[in-house]
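**Student:** 3D model of this:
(2 chains)
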Amino acid sequence: MTLAADPQEHLQVSACPACVAAPSAEAIARAAAPREARLMLSIPQAHCATCISTVEEGLSALPGIRNARVNLTLKRVLVEAEPQVTAESLIPHLARLGYEAYELDAGVLSATETDRQGRELLMRMGVAGFSMMNIMLLSVAVWSGATDATRDLFHWISGMIAIPTVVFAGQPFFASAWRGLKAGRLGMDFPISLALVLASGISIYETSMSGRHAYFDAAVMLTFFLLVGRYLDHRTRAVARSAAQELAALEVPRAIRLADGAEASVMVADLRPGDLVLVRPGGRMPVDGVVVSGTSELDRSLLTGEVMPVQAGPNQIVSAGEVNLTGPLTVRVTAAGRDSSLSRMAELVAVAESARTRYTTLADRAARAYSPLVHLLSFSAFGYWMWATGGDIRFAINISAATLIITCPCALGLAVPAVVTAASGKLFRKGLLIKSGSALERLAEVDTVVFDKTGTLTMGAPEPTNLGDHGPQALALAAALAGASSHPLAQSLAAAVRAAGVAPAVLDDVTEVPGYGIEGHYQGRRVRLGRAEWVGAEAPAVTATCLGLPDGTTHAFTFADALRPGAAEVVAAVLAQGYRVKLISGDAAAPVAELAARLGIADWTAGALPQDKAAEVARLTAAGARVLMVGDGLNDTAALAAAHASVSPATALDAARVASDIVLLGRDIAPVADALRIARQATRRMRENFAISAAYNVIAVPVALVGLATPLWAAAAMSLSSITVALNAMRLR
Amino acid sequence: MEILTILIPVSLFLGGLGLFAFFWSMKNRQYEDPEGDARRILTTQWDDKPKP
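**Tutor:** Reported below is the predicted structural model:
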């Protein structure tokens, strides 16, 4: 064990040898593929040169780490390590260095690391840019008055550069236009491809006839500007992934089946109702079932939003996805795989997801109006000039090509990607990661904000509230006992006492009694920490754990769920911006009401099941509201996917993060209010950009139609409109 | 105008050189972390000898 320096792991060894000796199902699955581990962690707070060296040197000093490299642009660290090192084991080390860190999953990793498509686009963009500059050099000479042989020579050289460039760099447009054509629809890429082909073809013909105008520079410039837009668009899209797949991956792939008293590791898919399954402490329930034997406690917070673990004993019904905390449990399977509650929830998400992908973005709507109009204009120009000139095909084609080139959507292709890039860069610096291209537009339309409680507005972790009421000896004993358990209350207590500077007492034979607490001997006399009735104390009204001392006195440590930093600010800001705010939680009524009163939320619901949350979002939507869901648990996943837009913190479960449009990278939730403001501003900029490019066309198209458009005109209109649009996007603040 | 026969190849060659440099930098992943690279120059870590 390379990172056994982790204190928690060490103490577990003494407390529960069985847990360590027998690895969990997940560990078995992971051990099946031993190779070098490449881990990626997000470190949202990194911002300077010192951060780089602190993190890199701090990590490299750990055993088993081969190399660590910080990427400051993406605020990530890539760690190459021995196969047994896990990202979870690195997080506490980074916390000690002063950086909060979150594990990034393999999907995100592959999207950024092996982004072949993005690099290819960039390569094509570079080639187009190079050709554009060289051809422009020659074109300026032609425009400033080169004639006869010189002009023809320049045109030929331009053509020799332009044709291979258009063939190579224009491929994304040709391919997509061809795909669209086969599917029987005219997308934005068809007029683009047509303009590229027509411009190049006409220019070759004109050059061979020693004509005055060649549009090589326009063709290449068009390719370049459109590729810029395409690349920006690709970068936003690369991060977005499908949620349903990930949720299924959350299910434990293997489980331990008990058959005739023997343990066998089997695939969860092979389990049948009626089978007996052993779930060890720390493991996730692979199936829905009923407890047959064993006592333990279950952490259901991700499924239901309850902060406090519930006790589990025989005949207790358990659901897939719950975490077994303290003792081994034998469970009789009632539903596995496709029928389990986890799987049903995945289906809910898939349904909601597909509804969301039907959202029509501003760009889609613009493209739909634009494409037929351009073809109509260009074609009628061709028809008119054929008639007007009495059948001069060369002249008519020249005019219709010029019309196509000038109307071509350089600015239109940049209008949305430039704004999305500027806005997501801005939000990234505030600690928000945009996952979906249309998220900003949807976020801007929101009028109702629904918050989850546990893990979203609160930290989802109980914190001791009355440490000061106890003497140092009680604290030292409590810390020693608590440190031996992986129970959330115990862990939080141990950490809080350590933070208060009290050293844990030295105890003998510490054992954990599953479902009750921890027992140990101090100087030969028994001390206990756990349930009030087990310790011999009166159960307090609030969440508490009790310490029983040898002399019969008891100490109650009370706990409360701590507010997430920025929670008060975000609710106040969102209310001030005029949004409707609602709190929905799966937790009991009392803590929900208390939190709602503290934050000033009038509208709250407690005890909501996952289906209730999704149904509530659907009800609000049906009533005409556009809902922004902010949540973190598995119980929020369906609601996150069903909402018009959604945000989840980085600490949220994979499935919740994947189902949401925006991931909050830091602990602070306050940036959500900024996101709403920036999204509204960004959508306004997008509309302005469409208006700007339309305005350019209104001026340039008549000029092209009457046959006055020269290549100089085309170049000027194209670059001016593109630059205006890009600059307008930069105005975002 | 004879100067064109020299100047045009020269300009194309220089442009090609730039394109080659761009290809090289793409292949070497020079655009992965522009911000980090800008800051790394300020650290004293590899001032004495280059990173092995």
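
**Student:** Quick check: what element follows the helix or strand A:A381 falls within along the chain?
**Tutor:** In this assignment (DSSP states H and E), A:A381 forms part of helix A:362-388. Reading on from helix A:362-388 to the C-terminus, the next helix or strand found by DSSP H and E is helix A:393-407.

**Student:** Which other helices and strands does that following helix contact?
**Tutor:** helix A:189-208, helix A:216-239, helix A:362-388, helix A:671-705, helix A:711-730 (3 or more C-beta pairs under 8 Å, 6 or more residues apart in numbering or on different chains; DSSP states H and E). Placement of C-beta: from N, CA and C, glycine included.

**Student:** can you list the residues of chain B near chain A?
**Tutor:** B:1, B:4, B:8, B:11-12, B:15, B:18-19, B:22-23, B:26, B:31-36, B:39-40, B:42-43, B:45 (C-beta under 8 Å from any C-beta of the partner chain).

**Student:** OK, contacts around A:S719?
**Tutor:** A:M221, A:F225 (C-beta atoms under 8 Å, 6 or more residues apart in numbering or on different chains).

**Student:** That should have said A:M730, apologies.
**Tutor:** Here A:M730 is in contact with A:A418, A:A422 (criterion: C-beta under 8 Å, 6+ apart).

**Student:** what's the pLDDT at the residue in chain B that chain A sits nearest to?
**Tutor:** Across chain B, the shortest distance to chain A (C-beta to the nearest C-beta) belongs to B:G36, at 3.4 Å. Here the pLDDT value assigned to B:G36 is 85.

**Student:** what does A:A111 give?
**Tutor:** 47.

**Student:** what does A:S158 give?
**Tutor:** 91.

**Student:** The one 3 residues further on now?
**Tutor:** On the pLDDT scale, A:I161 is placed at 91.

**Student:** Which residue comes closest to it once chain neighbours are left out?
**Tutor:** The shortest distance from A:I161 to any non-neighbouring residue, by C-beta to C-beta, 6 or more residues apart in numbering or on different chains, is to A:S131 (5.0 Å).

**Student:** so what's that neighbour up against?
**Tutor:** Applying C-beta under 8 Å, 6+ apart to A:S131 gives the contacts A:I161, A:A162, A:T165, A:A169, A:V220.

**Student:** Which helix or strand contains the third one?
**Tutor:** Yep, that's A:T165 we're talking about. Here A:T165 sits within helix A:148-169, counting by DSSP H and E.

**Student:** which secondary structure elements does that helix contact?
**Tutor:** On a contact count with 3+ C-beta pairs under 8 Å, 6+ apart, helix A:148-169 meets helix A:116-143, helix A:189-208, helix A:216-239, helix B:3-27.

**Student:** Could you tell me the least trusted of these?
**Tutor:** helix A:216-239 (a mean of 82).

**Student:** Could you see whether chain B lies near that helix?
**Tutor:** No. Using C-beta under 8 Å from any C-beta, helix A:216-239 stays clear of chain B, coming no nearer than 11.5 Å.

**Student:** next one: phi and psi at the residue of chain A most remote from its centre?
**Tutor:** Most distant from the centre of chain A: A:G390, at 60.7 Å, with distances by C-alpha atoms, centre = their mean. For A:G390, the backbone dihedrals are phi 70, psi 40 (criterion: degrees, to the nearest 10).

**Student:** do A:F559 as well
**Tutor:** Dihedral angles (degrees, to the nearest 10) for A:F559: phi -130, psi 150.

**Student:** and A:V703, which of the helices and strands packed on helix A:148-169 is closest to it?
**Tutor:** Between A:V703 and the helices and strands packed on helix A:148-169, the shortest separation by C-beta to C-beta is 14.2 Å, and it involves helix A:216-239.

**Student:** buried sites along the closest one?
**Tutor:** Under the neighbour-count criterion of 16 or more other C-beta atoms under 10 Å in any protein chain shown, helix A:216-239 has A:216-237, A:239 buried.

**Student:** How much space separates the residue in chain A that chain B sits nearest to from A:A49?
**Tutor:** In chain A, the residue that lies nearest chain B is A:L72 (3.4 Å; C-beta to the nearest C-beta). In this view, A:L72 and A:A49 are 9 Å apart by C-beta to C-beta, to the nearest Å.

**Student:** neighbour-wise, which of these two wins?
**Tutor:** The residue with more neighbours, out of A:L72 and A:A49, is A:L72; 23 against 17, by other C-beta atoms under 10 Å in any protein chain shown.

**Student:** Am I right that that one is in contact with B:R39?
**Tutor:** Yes. Taking contacts as C-beta atoms under 8 Å, A:L72 lies within contact range of B:R39: 6.0 Å.

**Student:** Quickly list what's touching both of those two.
**Tutor:** In contact with both A:L72 and B:R39: A:I52, using C-beta under 8 Å, 6+ apart.

**Student:** hmm, back to that, tell me which of the helices and strands packed on helix A:393-407 is the most buried.
**Tutor:** The highest average neighbour count among those, using mean count of other C-beta atoms under 10 Å in any protein chain shown, belongs to helix A:216-239 at a mean of 24.

**Student:** Now do that helix and helix A:148-169, the angle between them.
**Tutor:** If you take axes from the mean of the first three to the mean of the last three C-alpha atoms, to 10 degrees, helix A:216-239 sits at 20 degrees to helix A:148-169.

**Student:** rewinding a little: going by neighbour count, which of the residues of chain B next to chain A are buried?
**Tutor:** Neighbour counting by 16+ other C-beta under 10 Å classes B:I8, B:S11, B:L12, B:G15, B:L19, B:F22, B:E32, B:D33, B:G36, B:R39, B:R40 among the residues of chain B next to chain A as buried.

**Student:** near chain B, which residues of chain A?
**Tutor:** A:48-50, A:52-53, A:70-74, A:119, A:122-123, A:126-127, A:130, A:133-134, A:137, A:150, A:153, A:157, A:161.

**Student:** Just checking the distance from stretch A:261-269 to the centre of its chain.
**Tutor:** 34 Å (C-alpha atoms, centre = their mean, to the nearest Å).

**Student:** so how many other residues sit close to A:A589?
**Tutor:** Residues lying near A:A589 (other C-beta under 10 Å) number 12.

**Student:** can I assume A:A562 is in contact with A:T454?
**Tutor:** No. Counting by C-beta under 8 Å, A:A562 does not reach A:T454; the two are 11.3 Å apart.

**Student:** Mind checking which of those two has more residues around it?
**Tutor:** Taking neighbours as other C-beta under 10 Å, A:A562 and A:T454 compare with A:T454 leading, 27 against 15.

**Student:** A:D636 versus the more buried one, what's the distance?
**Tutor:** Computed with C-beta to C-beta, the distance linking A:T454 and A:D636 is 9 Å.

**Student:** and A:E322, what does it touch?
**Tutor:** By C-beta under 8 Å, 6+ apart, the residues touching A:E322 are A:R284, A:M285, A:L298, A:D299, A:R300, A:L303.

**Student:** How many residues are close by the fifth one?
**Tutor:** For A:R300, the count of nearby residues is 24 (other C-beta under 10 Å).

**Student:** residues touching it, list them.
**Tutor:** A:E306, A:P309, A:V310, A:S319, A:E322.

**Student:** which non-adjacent residue is nearest the second one?
**Tutor:** Closest residue to A:P309 apart from its sequence neighbours, by C-beta to C-beta, 6+ apart: A:E297 at 4.2 Å.

**Student:** ok, the one you found - contacts?
**Tutor:** So A:E297 contacts A:P309, A:V310, A:Q311, A:A312, A:L325, A:T326, A:H487, A:P514, A:G515 (C-beta under 8 Å, 6+ apart).

**Student:** from the chain's centre, how far out does the helix or strand hosting it sit?
**Tutor:** Element membership of A:E297 [criterion: DSSP H and E] is strand A:296-299. For strand A:296-299, the gap between its own C-alpha mean and the chain's C-alpha mean amounts to 29 Å (C-alpha atoms, centre = their mean).

**Student:** mind listing what it pairs with, with the direction of each?
**Tutor:** strand A:310-312 (antiparallel), strand A:323-324 (antiparallel) (DSSP bridges).

**Student:** tell me the most buried of those?
**Tutor:** Sort those by mean neighbour count, taking mean count of other C-beta under 10 Å, and strand A:323-324 sits at the top with a mean of 23.
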